[in-house]
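Undergrad: could you look at this predicted model? Sequence included:
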Amino acid sequence: MPRIELTTDVQATPETVFDACLDVDLHTESMGASAERAIGGVTTGRLTAGDAVTWQARHFGLPWRMTVRITDYRRPYGFTDEQVSGPFGRWRHEHRFTPSPVDSSATVMRDVIEFTAPLGPVGGVVASVLLRPYLQRLIARRNAHLAATLAGLARAADEEPGVEGAGDAGA
């Protein structure tokens, strides 16, 4: 079974990163290249324990539809989404968040994805050769978007007048 593991450093607290990763609207923004959007279940706002969302997107030029459910929810440490219906034989995506050991205001975000493709041995070859690298790039782009968005929000908060430690205030 193919497995993808990605680690991303994010300049935000684990609570903030956890909440952002469950935000349907931010997820949709991060997946613009595949025109991914929520079409069923929770379609806007933040997902929570037991929630389901149906995503529709285009991958490899083909329309895809997948429904996932939040099956494990441990704020701010992690959550898991698993496919209920969709293109994969199996899909399980663990999201884990730990405080950065070098920066108390940052988080180490870890994605662990295990999946199988349908179609038996042929699907296994397709999963290893085509799907695994594609999904790894897709999740890396999503994580980069998330990290940049949260870093931008942190910068904006630091620049607000009256916020202690703001930019050049008082200089």
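TA: Perfect, thanks for sending it. Numbering: from 1, shown residues only.
Undergrad: part of a helix, is Gly124?
TA: Yes - Gly124 forms part of a helix when assessed by DSSP: H, G, I helix; E, B strand; the rest coil.
Undergrad: isn't it right up against Pro118?
TA: No - between Gly124 and Pro118 there is no contact under CB atoms under 8 Å: 10.0 Å. (Each C-beta comes from the backbone N, C-alpha and C, glycine too.)
Undergrad: between these two, which has more neighbouring residues?
TA: Counted by other CB atoms under 10 Å, Gly124 and Pro118 do not tie: Gly124 has more neighbours, with 15 against 12.
Undergrad: excluding chain neighbours, what is closest to that one?
TA: Ala117 (6.7 Å; CB to CB, 6 or more residues apart in numbering).
Undergrad: number of nearby residues for Met109?
TA: Neighbours of Met109 (other CB under 10 Å): 25.
Undergrad: in contact with it, which residues?
TA: In this structure, Met109 makes contact with 7-10, 17, 21, 95-97, 143, 146-147, judged by CB atoms under 8 Å, 6 or more residues apart in numbering.
Undergrad: if we use 7 Å, what do you get?
TA: Met109 makes contacts with 8, 10, 17, 97, 143, as judged by CB atoms under 7 Å, 6 or more residues apart in numbering.
Undergrad: quick one: residues contacting Leu6.
TA: Contacts of Leu6 by CB under 7 Å, 6+ apart are 111, 136, 139-140, 143.
Undergrad: sorry, back to before: next, count neighbours for the residue nearest to Gly124.
TA: Using other CB under 10 Å, Ala117 has 22 other residues around it.
Undergrad: can you show me the strands along the chain?
TA: In the chain, the segments counted as strands under DSSP state E are 3-10, 37-41, 52-59, 62-74, 78-85, 90-99, 107-116.
Undergrad: could I get these as TSV with mean pLDDT and distance to Arg132?
TA: Shown next, in TSV, are the strands of the chain (pLDDT from 0 to 100; distance: least, CB to CB, whole Å):
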stretch	mean pLDDT	distance to Arg132
strand 3-10	97	6
strand 37-41	98	24
strand 52-59	97	13
strand 62-74	98	16
strand 78-85	99	16
strand 90-99	98	13
strand 107-116	97	8
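Undergrad: those strands: which one's closest to Met31?
TA: strand 52-59 (6.6 Å; CB to CB).
Undergrad: hmm, who's touching that closest one?
TA: Taking CB under 7 Å, 6+ apart as the rule, strand 52-59 contacts 24, 31, 34-42, 47, 63-69, 84.
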